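Enquirer: curious how this folds, go ahead:
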Amino acid sequence: MKQTQHLNSPSLAKTPTGIAGLDEITNGGLPAGRPTLICGCPGCGKTLMSVEFIVRGATEYNEPGVFMAFEEKAEELAENTLSLGFDLDKLVREKKIRMDYVHIDRSEIEETGEYDLDGLFIRLGHAIDSIGAKRVVLDTIENLFSGLTNESIIRAELRRLFQWLKAKGVTAVITGERGKDSLTRQGLEEYVSDCVILLDHRVKHQISTRLLRVVKYRGSLHGTNEYPFLIDSEGISLLPVTSLGQAPPASEERVSTGIKSLDEMLDGKGFFKGSSILVSGTAGTGKTNIATTFAASACESGDKCIYFSFEESISQILRNTRSIGLNLQQHIDSGSLEICASRPTLYGLEMHLVDIHKRIKAFQPDTVIIDPITNLITIGSISEVKSMLIRLISFLQEQQVTVMFTALALNNIIQEQTDETISSLVDAWLLVKDIEMNGERNRGLYIMKSRGMKHSNQVREFEITDHGLELVNVYLGPNGVLTGSAREAQMLQENAGEILKGYQMSAKDKEIIRKRNILEAKIANLKTEFESMEEELNRTFAEEQIRKQAAQKTRQEMTKRRRGPSADEDPQETI
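Expert: Numbering: from 1, shown residues only. You can find the predicted model right below:
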């Protein structure tokens, strides 16, 4: 714990280099007022890095610098660094830097035991004082001792040189050539330097990569890994791509895929913002179309998108996307879309990662698309590609950038290796597969996973049309999911069945209506018969009542007549 506190102590002053990524690796820059050794093989970028250290200090931190060269003349150095965008002659005229060339002829140096650097100190001290320099570069130190073989003299003079630089209070960078069995040719400079940076230039599979490693840094924590760096028209770009920072909170915001039916499969809202998406499948399944549609959707929603293509040129992408109704040129013109097309073999794997980092930093996109990542396997192993993607995804998550990768599956073996390796890294995985049936090839889209959201588990037929991409509704036939002409034939067959069923139902309805009418007629006849019988019974009953009344009335009348002559006359006798 005490050692950590000492290493993190704020008492150690540092001088920022201004070189992208180097200050982050060194936790603030080079040790202020102390010498730093930059060593490496020829062509690794020692001189260019030291020149940028001087230029950035003069232009960005108001720290004048002195560049003393022992190999290249000042005018040659100024001409060579113009390709990096550094105008050394202008800075010299403005008295922001001082360029000096010291010629040392080995034949003039004799090892007499009285060799010293007093002349150099006088010359260098005058240059420092003339512009009030805060930074000094000596390039390269081997030339100072090129004719000496006495190690004790070299060690003594090196120690004097480093102590003199410390006494002047300047932050010094000293370049040295790589030795056979040591970091430098003399093998001494790395011991007396407070900070040692080793540059390397490797060639693997006919692809060159420049790498940087901080070998030691007295009094400070620093990155100890090897970091690739890029030299281009803007200088040196070095990014600590192996460091993982603290990721921000996961976003709840959603971004549309650009395909309405696919959004519906993703809980109706699309992917999470800042998530990583993999679209994999065999050739011709439409992976690039999905990616370009996603890019166009991001631009239309007001986001910025950068598209890295490792297969097609920019003109090919623009031409091909017009066939599905997309006009990407308008988004390029508006500044919301940038397409970067390059071949995988242009750089090494790490250099591609540095280039991607640099372009993302410059463009500040909301969405990044890399199409396809499997092309990178041609310049690195699957494990190396996975390592690269882990670092890239981590970097993009820190920036809350949504990234979509496409991956080509060549056959089952490569597909399993690629998918199992890459799919575990991403938040969502779309798989587009060929479905062969009835002598034709169609596309089926699967959502293999989508972390943190509900998503459909159905297989959808994926169609590419001249007005965009569509997912056909799930259609199940007797033998499973049907696609293409088989789906249409089954639909026609079922439609014909529905028509026939409708006709049959219509005939049955008519038969039922006819039978109902017959039944109703029978019911009416029975009702009529019943009413007739009821009327007959009522009439019979009425007649019977009438007859009874008539008979009763007749008896009464007869009774009266028999009683007519005499009221007391016996009716029996009368009768």
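
Enquirer: can you pull out the strands in the stretch 351-500 of the chain?
Expert: Secondary structure of the stretch 351-500 of the chain by DSSP state E, counting those that start in this stretch: the strands cover 367-371, 402-408, 428-437, 440-450, 460-465, 468-472, 476-477, 480-481.

Enquirer: hmm, who's touching the third one?
Expert: For strand 428-437, contacts defined as C-beta atoms under 8 Å, 6 or more residues apart in numbering pick out 266, 271, 275-282, 285-287, 290, 419, 423, 441-451, 461-462, 481-484, 486. Glycine gets a C-beta too; all of them are placed from N, C-alpha and C.

Enquirer: on that earlier part again, closest to residue 175 out of the strands of the stretch 351-500 of the chain?
Expert: strand 367-371 (36.4 Å; C-beta to C-beta).

Enquirer: contacts for the closest one?
Expert: The contact list for strand 367-371 (C-beta under 8 Å, 6+ apart) reads 255, 287-288, 291, 294-295, 298, 303-311, 356, 360, 396, 401-406.

Enquirer: hey, C-alpha coordinates of that strand in PDB?
Expert: Provided in PDB are the C-alpha atoms of strand 367-371 (Å, rounded to 0.1, in the frame of the first residue of the first chain):
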ATOM      1  CA  THR A 367     -23.400   4.500 -34.100                       C
ATOM      2  CA  VAL A 368     -20.500   2.400 -35.500                       C
ATOM      3  CA  ILE A 369     -20.800  -0.400 -38.100                       C
ATOM      4  CA  ILE A 370     -18.000  -2.800 -38.900                       C
ATOM      5  CA  ASP A 371     -18.700  -5.000 -42.000                       C
END
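
Enquirer: what angle separates the helix ranked longest in the chain from strand 428-437?
Expert: Counting residues, the longest helix found in the chain (DSSP state H) is helix 484-562. Note on geometry: by axes from the mean of the first three to the mean of the last three C-alpha atoms, to 10 degrees, helix 484-562 and strand 428-437 are set 80 degrees apart in direction.

Enquirer: next, the angle from helix 484-562 to strand 460-465.
Expert: 110 degrees.

Enquirer: packing partners of helix 484-562?
Expert: On a contact count with 3 or more C-beta pairs under 8 Å, 6 or more residues apart in numbering; DSSP states H and E, helix 484-562 meets strand 428-437, strand 440-450, strand 476-477, helix 571-574.

Enquirer: which one, of these, ends up nearest to residue 495?
Expert: Closest among the helices and strands packed on helix 484-562, using C-beta to C-beta: strand 476-477, at 13.5 Å.

Enquirer: avg pLDDT for that closest one?
Expert: Mean pLDDT, strand 476-477: 58.

Enquirer: and what of stretch 69-82?
Expert: 85.

Enquirer: how about residues contacting it?
Expert: Under C-beta under 8 Å, 6+ apart, the answer for stretch 69-82 is 47-48, 51, 55, 67, 87-89, 92, 99-104, 138-141, 143-144.

Enquirer: so residue 161 touches residue 117, yeah?
Expert: Yes: with contact defined as C-beta atoms under 8 Å, residue 161 and residue 117 form a contacting pair (5.8 Å).

Enquirer: those two: who's more crowded?
Expert: Per other C-beta atoms under 10 Å, whichever of residue 161 and residue 117 has more neighbours is residue 161, with 23 against 17.

Enquirer: need the three-state assignment for the more buried one.
Expert: Under DSSP: H, G, I helix; E, B strand; the rest coil, the three-state class of residue 161 is helix.

Enquirer: quick one: it and residue 192, what's the gap?
Expert: 9 Å (C-beta to C-beta, to the nearest Å).

Enquirer: quick one, what contacts residue 350?
Expert: By C-beta under 8 Å, 6+ apart, residue 350 lies in contact with 209, 211, 228, 241, 388.

Enquirer: and the last one, how many neighbours?
Expert: Residues lying near residue 388 (other C-beta under 10 Å) number 19.

Enquirer: the contacts of stretch 69-82 in strands, which ones?
Expert: Judged by DSSP state E, strands contain the following of the contacts of stretch 69-82: 67, 99, 100, 101, 138, 139.

Enquirer: neighbour-wise, which one of those leads?
Expert: Ranking these using other C-beta under 10 Å puts residue 67 first, with 30 neighbours.

Enquirer: what about that residue, distance to residue 52?
Expert: Applying C-beta to C-beta to residue 67 and residue 52 gives a distance of 11 Å.

Enquirer: tell me how many other residues crowd residue 361.
Expert: Look at residue 361: counted by other C-beta under 10 Å, it has 14 neighbours.

Enquirer: chain neighbours aside, what residue packs nearest to it?
Expert: Nearest residue to residue 361, sequence neighbours excluded (C-beta to C-beta, 6 or more residues apart in numbering): residue 20, at 7.9 Å.

Enquirer: with residue 450 instead?
Expert: Residue 450's closest residue in space is residue 428 (C-beta to C-beta, 6+ apart), at 4.3 Å.

Enquirer: do you know how far the one you found is from residue 368?
Expert: 15 Å.

Enquirer: repeat for residue 47
Expert: Noted for residue 47: a distance of 34 Å to residue 368, by C-beta to C-beta.

Enquirer: the two - which one has more neighbours?
Expert: Taking neighbours as other C-beta under 10 Å, residue 47 and residue 368 compare with residue 368 leading, 26 against 20.

Enquirer: and the pLDDT for the most centrally placed residue in the chain?
Expert: Nearest residue to the geometric centre of the chain (C-alpha atoms, centre = their mean): residue 403, 1.3 Å. You'll see residue 403 listed with a pLDDT of 93.

Enquirer: specify the beta-bridge partners of it.
Expert: residue 276, residue 368 (DSSP bridges).

Enquirer: right, and it touches residue 389 too?
Expert: No: judged on C-beta under 8 Å, residue 403 makes no contact with residue 389 at a distance of 9.5 Å.

Enquirer: burial of the nearest residue to residue 178 once chain neighbours are set aside, as a residue count?
Expert: Counting by C-beta to C-beta, 6+ apart, the nearest residue to residue 178 once its immediate chain neighbours are dropped is residue 41, at 4.5 Å. If you count neighbours by other C-beta under 10 Å, residue 41 ends up with 14.

Enquirer: what does the one 10 residues further on give?
Expert: Other residues near residue 51 come to 28 when the count uses other C-beta under 10 Å.

Enquirer: hmm, it is touching residue 67, no?
Expert: Yes: assessed by C-beta under 8 Å, residue 51 is found in contact with residue 67 at 6.7 Å.

Enquirer: overlap in contacts of those two?
Expert: Taking C-beta under 8 Å, 6+ apart as the criterion, residue 51 and residue 67 both touch 77, 88, 137.

Enquirer: now the residues you listed as JSON lines including distance to residue 234?
Expert: Supplementary listing: the shared contacts of residue 51 and residue 67 in JSON lines, determined by distance: C-beta to C-beta, whole Å:
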{"residue": "77", "distance to residue 234": "18"}
{"residue": "88", "distance to residue 234": "16"}
{"residue": "137", "distance to residue 234": "20"}
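
Enquirer: and which of these is nearest residue 330?
Expert: Closest to residue 330, out of all of those and judged by C-beta to C-beta, is residue 88, at 42.1 Å.

Enquirer: good, wrapping up.
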